[in-house]
Each structure stands twice: as structure tokens, then as C-alpha cells.
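Engineer: 3D, please:
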Amino acid sequence: MRFILGPLASIAVLLVGFLAFGEEPPHVVPAPSRDIKAADNASTATAVFAGGCFWGVQGVFQRVTGVKNAVSGYAGGSKSTAEYNTVGTGETGHAESVEITYDPSVIRYGKLLQIYFSVAHDPTQLNRQGPDTGTQYRSTIFAQNAEQAEVAKAYIAQLDAARAFQHRIATTIETGKTFYPAEKYHQDYLTLHPQQPYIVFNDLPKIESLKKLFPSNYRADPILVSAAK
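Structural biologist: Residues are numbered from 1 along each chain as shown. The predicted model follows:
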């Protein structure tokens, strides 16, 4: 849908999507009571989050201080089906995801989770996000190890107990899943196409929310895949 509709049709569909479904307004949820301690001399760690279309999720984390790279891709399925049109069928097990490489001495895993739940997407939507529907748009944390899985599970329970959202969190936790980078034309999409209707209505507000709600973690100049060495 995001590629075949013209600008006017895209705007109409997006407006209908907002009116029909509604969304939890972005807000700062409580920080996790449990976090992962940075290992001595560790300068790099990895997190993988899925929260609807990867354009917006990537755009958010590219603008977080301490993030070294954020790559759009697919996780949850096999290598043979990690391709955009195939994933779009919703039958591959994949979710559009973002692999985040970060410096744990600058930003902790718990802070990434807090930003993920607060502004990167609406974690109460099941197998959809805004106008996009299907399991490929599910809210999922692809834990990279047992500790990440335990911290994420505890955090979801904490947020539900605190009633941080009007509805219960639908985010799932998956382990042992490989991340596959998406096609080149999906990388840095928000930055390269700021006037695309889908970006304007769905993703640019996320950047504004990040800037407003997490000013100490916000960086104006995004870390782009195209510039990564």
C-alpha cells in the first residue's frame, strides 16, 4: 500500500486509518525498574525491535544519542523469505524490524525500551500499527540474549501493572531469531523522503515526540546507514 497509492489517495487512507482505529497518544512511560548493566570495556551492544513499519522506528532510533547505527530489516522468519514483497504477505513469520547498535556506556538497554514503548510505536495494537495490518507489523522485542528477554518481560509486566496505557500491552518477546537487513531503498527512508505522505502523517510526529519527551536523549543529526563505515 505504501508504494502504489498516489499522494492524495495515501492521505485519504491514512486519515481514515486514524479515525477508524485511534492510537495511544505518545507519552513518557515509567523507566524500567530492572536494566542490563553495561559490561566493563563494552562499547557495543545490539537490540532488535519491531513496531510497525520500520521507516518510523528506524527514524526514531537514528536520532537517539548513544546509538551507533539503526538498520531496517526483517526478523522472525527464515533467510529465504526475508524480502519485502514476500514479508508483505504476512505468511513468513517475519516482522518489519530495526537492529539497533548502541554504546551501552552512553545509553542503557532500559532507556531504549522506554523510548520504544513511549514514542516509537503504540504497543497496545495487536498485529497492526496505524493503517498497516498483518503479523509483519506486530509489536515484538527480538531479545538477543536471555537477559534482554528477562528485562523486557519484567518491563511489560511493570507497565501493565502501572496501567501505563489505556489497554494492555500486546508486545511479544521472541528469542533465537536472526535479523536480516532490508533492501537498500528502505534504509534512511524517513530522512530521505520527509514529504512522503505516509512519513508526514505516521512518522514525523514520532520524531517530534522524541525531541519533546526525551530531550536529553535526542540528537538532531541522525546516524544514517548510508554514512556508516
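
Engineer: so how far is stretch 183-203 from its chain's centroid?
Structural biologist: Its chain's C-alpha centre and that of stretch 183-203 lie 14 Å apart, by C-alpha atoms, centre = their mean, to the nearest Å.

Engineer: Could you do stretch 149-156 as well?
Structural biologist: Centroid displacement of stretch 149-156 relative to its chain, using C-alpha atoms, centre = their mean, is 16 Å.

Engineer: buried set for it?
Structural biologist: 149, 151, 152, 155, 156 (16 or more other C-beta atoms under 10 Å). The C-beta positions use only the backbone N, C-alpha and C, and glycine is treated the same way.

Engineer: In a helix, residue 35, correct?
Structural biologist: No: applying DSSP: H, G, I helix; E, B strand; the rest coil, one finds residue 35 to be coil, outside a helix.

Engineer: Tell me who's in contact with it.
Structural biologist: Contacts for residue 35 (C-beta atoms under 8 Å, 6 or more residues apart in numbering) come out as 108, 109, 110, 151.

Engineer: ok, which stretches of this protein are helices?
Structural biologist: For the chain, the helices defined by DSSP state H occupy 7-21, 54-61, 84-87, 109-115, 146-161, 189-192, 197-198, 204-213.

Engineer: contacting residues around the longest one?
Structural biologist: So that's helix 146-161. Helix 146-161 is touched from outside by 29-30, 32-36, 47, 109-110, 113, 117, 141, 143, 165, 168-169, 171, 173, 175, with contacts defined as C-beta under 8 Å, 6+ apart.

Engineer: quick one: low-confidence parts of the chain?
Structural biologist: 1-22, 40, 229 (pLDDT under 70).

Engineer: Try it again at 50.
Structural biologist: Scanning the chain for pLDDT under 50 picks out 1, 3-22.

Engineer: Report the central residue of it.
Structural biologist: With the centre of the chain defined as its mean C-alpha position, the nearest residue by C-alpha atoms, centre = their mean is residue 57, 3.5 Å away.

Engineer: Enumerate every residue touching that residue.
Structural biologist: By C-beta under 8 Å, 6+ apart, the contact list for residue 57 reads 49, 50, 51, 72, 96, 97, 98, 116, 120, 121.

Engineer: Looking at those residues, which is nearest residue 90?
Structural biologist: Distance to residue 90 across the contacts of residue 57 (C-beta to C-beta) is lowest for residue 96, with 11.0 Å.

Engineer: Ignoring the adjacent residues along the chain, who's closest to that closest one?
Structural biologist: Distances taken as C-beta to C-beta, 6 or more residues apart in numbering place residue 54 nearest to residue 96, at 4.2 Å, with adjacent residues excluded.

Engineer: Residue 97 is in contact with the one you found, correct?
Structural biologist: Yes: in this structure residue 54 lies within contact range of residue 97 using C-beta atoms under 8 Å: 6.4 Å.

Engineer: Give me the common contacts of those two.
Structural biologist: The contact lists of residue 54 and residue 97 share 72, 73, where a contact means C-beta under 8 Å, 6+ apart.

Engineer: Between those two, point out the one with more neighbours.
Structural biologist: Taking neighbours as other C-beta atoms under 10 Å, residue 54 and residue 97 compare with residue 97 leading, 30 against 27.

Engineer: which two in the contacts of residue 57 are spaced the farthest apart?
Structural biologist: Applying C-beta to C-beta across those, the maximum distance is between 72 and 116, 15.0 Å.

Engineer: Who are the contact partners of residue 30?
Structural biologist: Contacts for residue 30 were tallied using C-beta under 8 Å, 6+ apart; they are 114, 158, 159, 162, 164.

Engineer: Hmm, residue 217 and residue 64 touching each other?
Structural biologist: Yes: here residue 64 lies in contact with residue 217, judged by C-beta under 8 Å, at a distance of 5.5 Å.
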